[in-house]
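Visitor: One predicted model, sequence on top.
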Amino acid sequence: MDKKPTISQEMYLKAIHFLSQREEAVRSIDIADFLKVSKPSVSVAMKGLSLDGLIEKDLNYYITLTSRGRRYALSVTGKYEILFLFLVNILGVDVLSAELEADRMEHVVSNETISRIEAFYKLRKNNCIY
C-alpha cells in the first residue's frame, strides 16, 4: 500500500528536490540550513523517509529521492506553483503572502481541487469567461 507522506515529510521531500536541482549532492546539513531546522531533526526525518522508501543515502551520506519520493516532491511542488499563481494573478494577493499561503495550502488541497483551480486559472489567463 502506498502510504501518503505526512506534511512534514512533504516539506523535506520538497526541500531535497529543490536542493538537488542546485547542488550535485544533498547532505543533511544542506537540508537543515535550507529549512532552518536542527541537524538532529533532519536526521530523524531522513530515517523516516528512508524507512518509507522515499529517499536513499549512499556511503557518503548523500541523500537522493527514490522514484516514489520524487513523484511526491513533484506533486507538492506542482501544487505550490498552481496555488501561488492563482493567489497572485487571480486573487491579487501580494507575493510574500502568496508564498506563505501556497506553502501551507499545498499539503491539504486535493488533486481534484488543484485540477479545477488550474483549469480556472488557465481559462482566466486566456481571457475566457468561466
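Guide: Cool, got the structure.
Visitor: The strand or helix carrying residue 115 - contacts with which helices or strands?
Guide: Per DSSP states H and E: residue 115 is located in helix 111-125. Using 3 or more Cβ pairs under 8 Å, 6 or more residues apart in numbering; DSSP states H and E, the elements in contact with helix 111-125 are helix 67-85. Just so you know, the C-beta spots here come from the backbone N, C-alpha and C atoms, and that holds for glycine as well.
Visitor: outside of the next helix-or-strand element following the helix it packs on, which residues touch it?
Guide: For helix 67-85, the succeeding helix or strand toward the C-terminus, using DSSP H and E, is helix 95-105. Outside helix 95-105, the residues that touch it by Cβ atoms under 8 Å, 6 or more residues apart in numbering are 79-80, 83-84, 87-88, 93.
Visitor: run the last query once more with 10 Å
Guide: Contacts with helix 95-105, where a contact means Cβ atoms under 10 Å, 6 or more residues apart in numbering, come from 7, 11, 14, 76, 79-89, 91-93, 109, 113-114, 117.
Visitor: got the angle for the helix holding residue 115 vs helix 95-105?
Guide: Between helix 111-125 and helix 95-105, the angle formed by their directions is 150 degrees, by axes from the mean of the first three to the mean of the last three Cα atoms, to 10 degrees.
Visitor: Okay, buried residues for helix 111-125 please.
Guide: Neighbour counts using 16 or more other Cβ atoms under 10 Å place 114, 117-118, 121 of helix 111-125 among the buried residues.
Visitor: hmm, back to that, which entries within the contacts of helix 95-105 meet the buried criterion?
Guide: Burial by neighbour count, 16+ other Cβ under 10 Å: within the contacts of helix 95-105 this picks out 11, 14, 76, 79-80, 82-88, 93, 114, 117.
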